[in-house]
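Asker: Generate coordinates for the sequence data below:
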Amino acid sequence: MASKSLWRSARPLVVGRAISAVVGLALPAVLARLLDRGQYGTYKQVYLVANLATYSLQLGLAQSLFYFIPRGRTDEERRPFIAQALVSLSLLGVLTGSGLVAFGPFIARHFSNPDLGRLTLPVALLAGSLLASAPLEIGLTAQGKPEWSATALVVSDLVRVTAMLAAILTGHGLTGLVWAAALAALARWVATLVLFGGAFRSLPTWSSIKVQLAYALPFGVAVLLRQQQLQLHQVYIAARATPALFALYAVGCTQIPVVSLLYSPVSETLQVRLAALDRASETSKSAQLFVEAVEKLATAFLPLSALLIATARPVIEILFGAKYAAAAPVMRIAVVAVAVQSLPVDAVLKARARTPTLFLTYAGKLAVTWPALAVGWTLDGMTGVIAAHVGVDLLSKLAQLLIVAVDLEVGMADLLGGRAMLRTIAAAMAGGTLGAAVTGLVHEPLLACLLAGPATISFSAWDYLDRRRRARRGPPKEAQDLGRGQAA
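Answerer: Residues are numbered from 1 along each chain as shown. Modelled structure (predicted):
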């Protein structure tokens with residue numbers, strides 16, 4: 001039942017993110033064709049700055065709702081934490097926008113992009129509003145309303161994309177595009193305050209504030225470090241390349257919608273379920289729940305990573321046009337990070353209040369990243385930088401997995417699924433090799449993708465169907481052993 005319950009709980013979020021992913025992927029593809037490479041590079045730099053501020057400066061307050069709301073037994077216990085997060089993040093949003101107005105000219109000079117300086121006001125409004133509205137989907141998911149959370153995500157993205165495309169198509173250019181994004185973000189902030197306005201019926205207490213900050217701040221600092229590390233490779237390239245060259249790198253690092261589509265709902269649902277197990281004193285089931293999450297993610301992410309490595313060039317030409325084909329080597333390396341996302345270790349650490357551990361691992365990751373990027377740039381330019389970024393990410397995930405294994409008193413191999421994971425990896429690699437061979441023989445982009453796609457996923461599909469057949473016969477030996485060990 002645990003397996004079905006976890007997936008069914010995450011399903012509305014997956015559906016919502018699927019719709020959002022389609023909309024979100026279509027926007028960059030359209031903009032890449034409507035704007036020249038320099039303008040598109042500036043647009044990507046705008047969101048680089050806005051997202052870096054948005055995700056770095058939440059201080060863990062939005063994510064803390066995943067910890068406190070499921071543990072609250074009544075609305076009166078939950079409301080103070082929601083109210084505190086709303087007020088604090090709204091103030092942080094205002095401060096962030098003000099800071100970007102002040103430092104906008106400096107950022108433009110650092111990126112050697114005067115156009116970015118002329119967009120200081122809308123960039124500040126965009127970043128501040130996104131930061132202030134961070135609790136929207138998180139609060140709804142934590143309250144056990146995944147359908148509402150999915151609806152909020154889809155509506156928010158549709159409003160944003162519609163406004164931005166309308167600005168471009170009506171002739172307002174790059175400036176109108178960024179202003180449209182900023183006003184859509186402002187509308188999202190207002191909607192967040194309206195939707196959670198009932199939380200202010202229970203006034204926060206000094207006790208609840210201290211408890212929330214004690215959890216949130218270590219995690220917030222950890223996220224600050226993590227976001228700096230995640231975006232550092234793009235900042236590194238942006239400071240050393242023209243906007244047009246940065247556009248190539250940004251296309252190569254295009255976010256794969258399927259990753260957020262599956263990882264975030266599964267990770268968030270896993271965190272809520274682990275909290276529920278903790279509250280019910282049933283922590284012996286935690287490892288089994290984690291193994292289930294890894295299996296779900298690996299089944300999707302490993303063949304997807306292999307497929308994108310095999311078809312990087314034709315995919316880029318189809319989505320962004322032939323003028324971005326030179327981004328293919330960057331994409332082939334960047335998508336390895338998709339496979340790494342099969343390990344939702346951060347969800348376990350957050351659910352078990354191991355935020356100091358997150359801080360230490362993220363601090364170490366950031367400390368290693370800058371020299372790694374410098375070495376990568378010296379050795380192989382943009383491809384060296386992305387290789388360094390992905391390598392550091394993989395090592396960090398493995399370190400966190402070791403910590404989770406010790407915390408749950410389970411071996412790392414067991415948490416990965418044992419022999420089943422090795423089979424999944426082997427199937428993805430075999431399919432990727434076959435897909436790459438097909439792509440090398442077919443030069444028409446669409447035909448190459450149509451032929452290489454089935455070839456790449458064939459082995460993984462066979463492995464998945466075989467596992468389903470075996471599952472009907474009963475749990476595998478690894479799962480039985482894991483269950484006995486946890487019970488003991």
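
Asker: now the helices for the stretch 301-450 of the chain?
Answerer: 312-320, 328-334, 336-340, 345-351, 355-408, 412-416, 419-441, 445-473 (DSSP state H, counting those that start in this stretch).

Asker: Which stretch among those helices is buried most, on average?
Answerer: helix 345-351 (a mean of 24; mean count of other Cβ atoms under 10 Å). Where you see a C-beta, it was placed from the backbone N, CA and C, and this is true even at glycine.

Asker: what comes into contact with it?
Answerer: With contacts defined as Cβ atoms under 8 Å, 6 or more residues apart in numbering, helix 345-351 is touched by 63, 66-67, 219, 267-268, 270-272, 274-275, 278, 286, 290, 293, 354-355, 357-358, 397, 400-401, 403-404, 407-408.

Asker: so where is the stretch 51-200 of the chain shaky, pLDDT-wise?
Answerer: 71-75, 77, 199-200 (pLDDT under 70).

Asker: Which stretches in it count as helices?
Answerer: Taking DSSP H, counting those that start in this stretch, the helices of the stretch 51-200 of the chain run over residues 64-68, 75-110, 114-118, 120-132, 135-142, 146-169, 173-195.

Asker: Contacts for the first one next, please.
Answerer: Looking back up the chat, that one is helix 64-68. Everything outside helix 64-68 that qualifies as a contact, by Cβ under 8 Å, 6+ apart, is 78, 81-82, 85, 135, 138-139, 141-142, 211-212, 215-216, 219, 268, 271-272, 275, 350-351, 353.

Asker: make it 7 Å
Answerer: Among residues not part of helix 64-68, those counted as contacts by Cβ atoms under 7 Å, 6 or more residues apart in numbering are 81-82, 85, 135, 138-139, 142, 212, 215-216, 219, 268, 271-272, 275, 350, 353.

Asker: need the helices of the stretch 51-200 of the chain in TSV with distance to Ile333 and mean neighbour count, can you?
Answerer: Below are the helices of the stretch 51-200 of the chain laid out as TSV (distance: least, Cβ to Cβ, whole Å; neighbours: other Cβ atoms under 10 Å):
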stretch	distance to Ile333	mean neighbour count
helix 64-68	32	24
helix 75-110	25	18
helix 114-118	27	17
helix 120-132	29	25
helix 135-142	31	25
helix 146-169	28	18
helix 173-195	29	19
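
Asker: Tell me which of these approaches Thr424 most closely.
Answerer: The closest of these to Thr424 is helix 146-169. By Cβ to Cβ, the value is 26.9 Å.

Asker: Run the chain-centre distance for that closest one.
Answerer: When C-alpha coordinates are averaged (Cα atoms, centre = their mean, to the nearest Å), helix 146-169 and its chain have centres 18 Å apart.

Asker: can you check stretch 91-103 too?
Answerer: 24 Å.

Asker: Extract the C-alpha trace of that stretch and format it as PDB.
Answerer: The C-alpha trace of stretch 91-103 is given here as PDB (Å, rounded to 0.1, in the frame of the first residue of the first chain):
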ATOM      1  CA  LEU A  91       9.500  41.700   3.600                       C
ATOM      2  CA  LEU A  92      12.400  39.800   2.100                       C
ATOM      3  CA  GLY A  93      10.900  40.300  -1.400                       C
ATOM      4  CA  VAL A  94      10.700  44.100  -0.900                       C
ATOM      5  CA  LEU A  95      14.300  44.200   0.400                       C
ATOM      6  CA  THR A  96      15.500  42.000  -2.500                       C
ATOM      7  CA  GLY A  97      13.800  44.300  -5.100                       C
ATOM      8  CA  SER A  98      15.400  47.300  -3.500                       C
ATOM      9  CA  GLY A  99      18.800  45.700  -3.500                       C
ATOM     10  CA  LEU A 100      18.600  44.800  -7.200                       C
ATOM     11  CA  VAL A 101      17.600  48.400  -8.000                       C
ATOM     12  CA  ALA A 102      20.700  49.600  -6.200                       C
ATOM     13  CA  PHE A 103      23.100  47.000  -7.600                       C
END
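
Asker: Give me the contact list for that stretch.
Answerer: 53, 57, 59, 120-121, 123-125, 127-129, 131-132.

Asker: if you set the cut-off to 10 Å instead, what comes out?
Answerer: Contacts to stretch 91-103, defined as Cβ atoms under 10 Å, 6 or more residues apart in numbering, come from residues 49-50, 53-54, 56-59, 61, 89, 107, 110, 120-121, 123-134, 182, 185-186, 189.
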